Every structure is written in C-alpha cells, then in structure tokens.
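K.L.:
coordinates only, no sequence provided:
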DNA sequence: CCTTTTGTTCGGTCAACACTGAAAGAACAG
DNA sequence: CTGTTCTTTCAGTGTTGACCGAACAAAAGG
C-alpha cells in the first residue's frame, strides 16, 4: 500500500475523531489533509477533487476553519485560485478553548453555591462538584502557561 | 424572588451549558435539579412533574445518567417508586473522560508521524501538533492524580 | 387472577444540521 | 465592457436526534 493511500486512510480517521467532537466531517478531512499534504498549500478546487466533496461544502468549511484561525487563506493576483494552508501554530488555541470550556463550569457551580449560602447541609452535593472545578480552575491555567513553545 | 425560583433558573442555565457539550437538555435539567433539590432524592414521577418533561424523556435520560454513574437508583419494596439521587463523587469521572478525550488525540498524531517517517520536511506541520499533544499527555495525567479528594 | 402503581419501549413529530449542485457574485485580463 | 475564472450563497434533500405520549410490561397487594 502506497504512502498516499495510508495517509488518506489516516485523514479519514482524523476526521472521524473530530466529527465526534462536533466538527463537520468535511471540515475534519480538510484539516487532516492540509496537515500532511505535499506541497503544503491547496486551492479550494483541489480540495474538492481530492476529498470528493462539493465546492459548496469546501467553501463553507474553509470559511469556518479560516475563521477559527486554523487555516490561512493566501490570495494571488490574476485569475488564480486562492491557496489554503494549515496554520499549525494556532492549534494551541483550539486546545485552550477546550480547557477554558472545562474550567468555565466553575462560574456555574460558584453561583449555585451563592444561592445556597445559609444552608450548608443542602449545599453539600454542589460543594463537592464546586471543589473539583475550583481545583481545575486553579491548576489548569498555570499549567497551560508553563507549556513549551508558547505563542510567538 | 424566592430561593426555589432562583434555583430553577440556575438549573436551566446549568442544563444549557451541558447541552452545548452534547448532553440532552432534559438530562442536564435532571442533573442540575438533583444537585440542589431538598430532600436529595426524587422519584421519576416527581422529576417529570417538576421539570415538566414527559415520563418517556425522564426514563430515557435517567437511564443514561445512571449508566454514566452520575445518578444512583434506589429501589424500594412494594409499589413504591424508585428514588434517584445524584452521586456527586462520580463527577470526577466525567471530567476525567473529557481530559482523556483530549489526550487521546496523541495516538492519532503519533501514528501520522510514523507514516511520515523518512520525510522530516513534510512532517513539520504534524510534528508541531504532535508535540503539543505529547506535552498534554505527559502533563495532564500526573496532574490529575495529584488532585485532592481522589476516589475513595 | 385482577387491579393498581410504576417503568420502559416505541412510533411519530419536529427542528437542526451537513451536504449538494446550481445560480449568483467578485475579481481580474484583455 | 466582455469573457473567464474562481468563490460564495442559497434552496432543496436526507439524516440525525430530542422529545412526547400512548401502549405495553413488570411488580406487588388484595
């Protein structure tokens, strides 16, 4: 089996994983493909052909990915198609959003605890959950800041 | 505004947050409600009435929550309805599943890197992403183990 | 058994969303 | 301005999944 065939199978697994997290299948395919294709840039038409997806889907998903910062659009003069490439440096933003979403539950548990002040007995269940998220909110952001290769 | 009214508004915000993460609205309502209701246990019929949801939806979502370990079912003899209560200790499992899902991307980037061995130039984009997930896979599990109130 | 109470299953409805393909719109060369 | 090339928009289609409520099943007392 050729390398390209293996890689297209990998792209499919890659897209399937992110599909479970709510990213459209075609968006995931674009992302995976742009991570491993050679050369690194592709036009919308090329993506449409190589991923066997309609031009409309490619357009919609590229817009989404460019908007999320994960893909960069490079326009060229003349009647030349724009080139798209993955901006792998921005991947950290994606992960950070995930961590933030997790930590943000704490604002909920916190306000719930405030509503129950004066009744510690009743607040016991929520307190247990609140303490977990408080710990996460204390630990995750500093850990994230200590990561190597921070944003240039 | 009474405490109960404020709390039902809180339950609604709580459910809305988890709805964004893919948990059915009614499931989120049950969870939030069971975290703050007094007394701590409720029958399916009571949940149906207080959350204004059909018995079918309550049944389906309770099954899901019990299966996830977040809610415990307590049956009683006679024609008495079973009682449900939140098992707040199991909340950590939920968080752990989230962290695991994040870390698990590394197996993908890793296998992708293997497919590209022999072409470091081309692997550059994937390597950047792989290094991020490798770092996460190295840091998150140990941090999680160090958390206070580990499973009894 | 038969009845009452509780719980689950299941068909049907509705809304949301991914995807397509064609039509409309931009951008540019000539 | 006109034709060409590339891109976006949009209406239509199919699928998925949450939800409801009624029918069904299970459990226990009488």
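P.N.:
The structure has been received and is ready for your questions. Just so you know, these numbers come straight off a predicted model, no measurement behind them.

K.L.:
nearest residue to the residue nearest the centre of chain A in space, please, no chain neighbours.
P.N.:
Here the mean C-alpha position of chain A is nearest to the C-alpha of residue A:94 (Cα atoms, centre = their mean), at a distance of 4.0 Å. Spatially, and ignoring its direct neighbours in sequence, residue A:94 is nearest to residue A:70 (6.7 Å; Cβ to Cβ, 6 or more residues apart in numbering or on different chains). Any C-beta I mention is one placed from the backbone N, CA and C, and that applies to glycine too.

K.L.:
hmm, that neighbour is touching residue A:87, no?
P.N.:
Yes: counting by Cβ atoms under 8 Å, residue A:70 does reach residue A:87; the two are 6.2 Å apart.

K.L.:
compare neighbour counts for those two and give me the winner.
P.N.:
residue A:70 (21 against 18; other Cβ atoms under 10 Å in any protein chain shown).

K.L.:
gap between that one and residue B:125?
P.N.:
11 Å (Cβ to Cβ, to the nearest Å).

K.L.:
shared neighbours, those two?
P.N.:
Common contact partners of residue A:70 and residue B:125 (Cβ atoms under 8 Å, 6 or more residues apart in numbering or on different chains): residue A:86.

K.L.:
and the contacts of stretch A:105-119?
P.N.:
A:122-123, A:126-127, A:129-130, A:133-134, A:136-137, B:3, B:6-7, B:10, B:13-14, B:17, B:35-36, B:38.

K.L.:
cool, and stretch A:128-146?
P.N.:
A:96, A:99, A:102-103, A:105-106, A:109-110, A:112-113, B:35, B:88-89, B:91-92, B:95, B:139, B:143, B:147-149.

K.L.:
which of these count as buried?
P.N.:
A:99, A:102-103, A:105-106, A:109, A:112-113, B:35, B:88-89, B:91-92, B:95, B:147 (16 or more other Cβ atoms under 10 Å in any protein chain shown).

K.L.:
domains for chain A, by residue range?
P.N.:
A:3-86, A:92-145 (automatic domain parsing).

K.L.:
and those, which one's lowest on average pLDDT?
P.N.:
In terms of mean pLDDT, the lowest-scoring of those is domain A:3-86 (a mean of 92).

K.L.:
gap between the two ends of that domain?
P.N.:
End-to-end span of domain A:3-86 (Cα to Cα, to the nearest Å): 20 Å.

K.L.:
and it, anywhere near DNA strand C?
P.N.:
Yes: with Cβ under 7 Å from any atom of the strand as the criterion, DNA strand C is reached by domain A:3-86 at A:22, A:24-27, A:52-57, A:60-61, A:75, A:77-79.
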